[in-house]
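Asks: model this:
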Amino acid sequence: MAMARLLINKLARSQVTNRVMLIRPSCFKYNQETAGDNAFQAQLEGLTDSQAQEGALKEFKSLVTKLTEVNIAVKIFEDTVKVSPDAVFPNNWLSFHHDDNNVSRLVVYPMLSDKRKLERNLDIVKYWQETLSLSVVDYSHYEREGKYLEGTGSMVLDRVNKLAYACISPRTNVEVLDIFCKDFGYTSVPFRAKLSPMNDGELHDVYHTNVILSVCDGFAVICLEGIVDNVEREDVVQSLKKSNKEVVAITGKQVSEFAGNVLQLAGQDGRTHLVMSSRAHASFTPEQLSVFQSHCDSCVVVPLDLIETLGGGGVRCMIAEVFPSDKH
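Replies: Prediction:
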């Protein structure tokens, strides 16, 4: 497809990578500490901690299998800390960046939950420093001021157009967002959003931007109805359109099925894929799936019901994109 051919020539500054990092969970379970502002989390009655961990490992293995089947390079690290139930979501504590000057950087982020702070693994950081010859930018000290920015959960990045979409919440501080944007040459597009994740009519602040927005190469998946301010909503729409993104609007009910938590990746062969959970795939309309198919070579569908339910995060949260792409 044309999209796949274009990708081969855009790896230096691309929205899409063909290399990812995952962390195998060691103690996955419902995290009461994060449930206070993550309304997407839900307990499962009668499920033991060992059953939760066993189920999470099965789903994790399925994700690895699905990614490798489409030739995406996957680097797996073990959760050696073994104290955080959410270690399977590494995109909140680090992100990778590669600019037009061939400079690679890794960012370490400040996180709200005390248990999640412990996920930051210096051995992993050291591995990437040595492997990619990158420098490290560490914002974690802002935790001492009660200011948080949880990686590509807090920010959905348009890497080509240098735009950082951010749903402001206790986990996404405007000041730290602006510092990131200044340091990396991005322009912020902030907004506020409320939804009813349990579809019970009770509105909650959206805790992470990446549950309602995914910016891909040529299109974006977004829940516009969740953006509460009309001006902010129009700013987001206009920003996406000016960036030549075809806007795929999803409903709040689809967000509850993690339809906004999708991620576009590429295989080593240059073919592009939209990775999503089974729940997300089942919630999309035929028309929406048709748009994805016009931009991507395939949809990669992974069963993640347990991780999504207990963890309140989906497939996008489980994947840390590594830049530069492999074989850059």
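Asks: now do the strands in the stretch 51-200 of the chain.
Replies: Counting by DSSP state E, counting those that start in this stretch, the stretch 51-200 of the chain forms strands over residues 73-78, 94-98, 104-108, 135-138, 155-158, 163-167, 187-191, 194-195, given from the N-terminal end onward.
Asks: what does the stretch 201-328 of the chain give?
Replies: Secondary structure of the stretch 201-328 of the chain, counting by DSSP E, counting those that start in this stretch: strands at 204-205, 213-215, 219-222, 246-249, 263-266, 272-277, 298-302, 320-321.
Asks: with mean pLDDT, distance to residue 178 and mean neighbour count added, can I get the ones you listed in TSV?
Replies: All C-beta atoms are positioned from the backbone trio N, CA, C, and that covers glycine. Formatted as TSV, the strands of the stretch 201-328 of the chain follow (pLDDT from 0 to 100; distance: least, C-beta to C-beta, whole Å; neighbours: other C-beta atoms under 10 Å):
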stretch	mean pLDDT	distance to residue 178	mean neighbour count
strand 204-205	93	20	16
strand 213-215	98	19	27
strand 219-222	98	22	25
strand 246-249	98	26	16
strand 263-266	98	25	26
strand 272-277	98	30	26
strand 298-302	98	35	19
strand 320-321	98	23	24
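Asks: just to revisit the earlier point, got the strands of the stretch 51-200 of the chain as CSV, with mean neighbour count columns?
Replies: Formatted as CSV, the strands of the stretch 51-200 of the chain follow (neighbours: other C-beta atoms under 10 Å):
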stretch, mean neighbour count
strand 73-78, 15
strand 94-98, 22
strand 104-108, 19
strand 135-138, 14
strand 155-158, 24
strand 163-167, 25
strand 187-191, 18
strand 194-195, 21
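Asks: was I right about residue 40 contacting residue 210?
Replies: No: under the criterion of C-beta atoms under 8 Å, residue 40 is not in contact with residue 210, lying 11.4 Å apart.
Asks: these two: who's more crowded?
Replies: Higher neighbour count among residue 40 and residue 210: residue 210, with 28 against 23, using other C-beta atoms under 10 Å.
Asks: list the contacts for the more buried one?
Replies: The contact partners of residue 210, by C-beta atoms under 8 Å, 6 or more residues apart in numbering, come to 91, 152, 153, 156, 260, 261, 316, 317.
Asks: wait, what's in contact with residue 81?
Replies: Taking C-beta under 8 Å, 6+ apart as the definition of contact, the neighbours of residue 81 are 87, 118, 119, 121.
Asks: ok, and the most crowded of those residues?
Replies: Neighbour counts for these (other C-beta under 10 Å) peak at residue 87, which has 25 neighbours.
Asks: where does that one fall, phi/psi-wise?
Replies: The main-chain torsion angles of residue 87 are listed as degrees, to the nearest 10 and equal phi -60, psi -20.
Asks: and for residue 269, the neighbour number?
Replies: Here the count is done by other C-beta under 10 Å, and residue 269 has 12 residues near it.
Asks: could I get the phi/psi values of it?
Replies: The main-chain torsion angles of residue 269 are listed as degrees, to the nearest 10 and equal phi -90, psi 0.
Asks: identify the residue nearest it in space, chain neighbours excluded?
Replies: When the adjacent residues along the chain are set aside, residue 269 lies closest to residue 71, with 5.4 Å between them (C-beta to C-beta, 6 or more residues apart in numbering).
Asks: any idea how far residue 281 is from that neighbour?
Replies: Going from residue 71 to residue 281 by C-beta to C-beta, to the nearest Å gives 20 Å.
Asks: so for those two, which sits in the more crowded spot?
Replies: Looking at residue 71 and residue 281 with other C-beta under 10 Å, you find the greater number of neighbours at residue 281, namely 20 against 15.
Asks: with adjacent residues omitted, what lies nearest to that one?
Replies: Spatially, and ignoring its direct neighbours in sequence, residue 281 is nearest to residue 301 (4.6 Å; C-beta to C-beta, 6+ apart).
Asks: what does residue 299 give?
Replies: The spatial neighbour of residue 299 that comes closest, neighbours along the chain excluded (C-beta to C-beta, 6+ apart), is residue 274 at 5.1 Å.
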